[in-house]
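Enquirer: I would like to see how this sequence folds:
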Amino acid sequence: MARRPKKEESGSGYEDPPDGTYFDVMKKDSGFLRISRGEFEGVDLIDLRYFYCDKKKECFLPTRKGVSIPIEKWSVVAKRVNRLLE
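Expert: Numbering: from 1, shown residues only. Now for the predicted structure:
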């Protein structure tokens, strides 16, 4: 369970952790997209997952909306995304 990230002093978003283990993007009060690096069953992954605000627990929780991509496949995905952006 993710704790609600702290607001930056400027109020423009949320702070990323100093160790760089994840980055939160597309932030809204109702939720955000988290990009993180992790491991599952011995496979290193990049995980893109949407988190929502659980108002009862006052924290953000992960949803099923997301994808985990093995790190060795990430360069192919990144190249394809860059081509889409051209």
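Enquirer: so where's this structure shaky on pLDDT?
Expert: Counting by pLDDT under 70, the chain shows low-confidence ranges at 1-18.
Enquirer: is the residue nearest the centre of it in a helix, a strand, or coil?
Expert: Centrality entry for the chain: nearest residue to the mean C-alpha point is residue 34, 1.0 Å, by CA atoms, centre = their mean. Secondary structure, DSSP: H, G, I helix; E, B strand; the rest coil: residue 34 is strand.
Enquirer: tell me the contacts of it?
Expert: Neighbour list for residue 34: 2, 22, 23, 24, 25, 47, 48, 49, 50, 51, 62 [criterion: CB atoms under 8 Å, 6 or more residues apart in numbering]. Placement of C-beta: from N, CA and C, glycine included.
Enquirer: what residues sit buried inside the particular helix or strand that has the third one in it?
Expert: In this case it means residue 23. Secondary structure from DSSP states H and E places residue 23 in strand 22-28. Across strand 22-28, burial judged by 16 or more other CB atoms under 10 Å covers 24, 27.
Enquirer: partner strands of it and their direction?
Expert: strand 31-40 (antiparallel) (DSSP bridges).
Enquirer: which SSE is immediately downstream of the strand it pairs with?
Expert: Next along the chain after strand 31-40, taking DSSP H and E as the criterion, comes strand 43-54.
Enquirer: partner strands of that following strand, parallel or antiparallel?
Expert: Paired neighbours of strand 43-54 in the sheet (DSSP bridges): strand 31-40 (antiparallel), strand 59-70 (antiparallel).
Enquirer: need those in CSV (columns: distance to residue 85).
Expert: Converted to CSV, the strands paired with strand 43-54 look like this (distance: least, CB to CB, whole Å):
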stretch, distance to residue 85
strand 31-40, 17
strand 59-70, 18
